[in-house]
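Need a 3D model of the following:
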Amino acid sequence: MEHDRYQRGWEKLKKIDGEAGERVIESLKDIAPDLGRYTIEFPFGDIYSRPGLDLKSREIATVAALTALGNAAPQLKVHINAALNVGCTREEIVEVIMQMTVYAGFPAALNGMFAAKEVFKERDGKVPRRYLKW
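Below is the predicted model of the structure:
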């Protein structure tokens, strides 16, 4: 059963996060391999694999939560990429982050927007003009 959980989680992580997720797990091998395993088994093997929400909805919620935290930029970037991987548009991601101004404040939303800007730029070397207003 534990192997199934790990395997299910590993496949889900690769589908959602791609190489970025694999790099996170790899980076833990020399210091905390158990944390890498827990990350595969619980969030991806258990939570992301549940019925009830599609992956796009789960990533929208994750981007919102990480933006609201305001102190998780590396994880937010991974999940902005993941949101794009599972079908979110850039406009949807920007709107989710904008929504967080109401609940998490301008500093958290600004940090989230700058993280999104970096991800968009890294993905294709450019940022849509409408996001360059600031």
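
show me the contacts for residue 36.
24, 25, 26, 28, 29 (Cβ atoms under 8 Å, 6 or more residues apart in numbering). To be clear about C-beta, it is placed using only N, CA and C from the backbone, and glycine gets the same treatment.

For it, grab phi and psi.
Phi and psi for residue 36, reported as degrees, to the nearest 10, are phi -60, psi -40.

Mind jotting down where the helices sit in this protein?
Under the criterion DSSP state H, helices of the chain are mapped to 2-28, 33-39, 55-69, 73-85, 90-104, 106-124.

picking that back up, just the buried residues from the contacts of residue 36, in PyMOL please.
Those of the contacts of residue 36 that count as buried under 16 or more other Cβ atoms under 10 Å are selected in PyMOL with:
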select buried, resi 24+25+28
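
Now do the domain split for this structure, please.
Using automatic domain parsing, the domains assigned to the chain come out as 1-50, 54-134.

isn't residue 97 right next to residue 111, touching?
No. At 9.2 Å, residue 97 does not count as touching residue 111 under the criterion of Cβ atoms under 8 Å.

Quick check: neighbours shared by the two?
Taking Cβ under 8 Å, 6+ apart as the contact rule, residue 97 and residue 111 both touch residue 67.

ok so, going back, is it possible to get CSV of the domains of the chain that adds mean pLDDT?
What follows is the domains of the chain, written out as CSV (pLDDT from 0 to 100):
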stretch, mean pLDDT
domain 1-50, 94
domain 54-134, 92
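
quick revisit: name the residue in residue 97 and residue 111 with the higher neighbour count.
The neighbour count for residue 97 versus residue 111, taken as other Cβ atoms under 10 Å, is higher for residue 97 (26 against 20).
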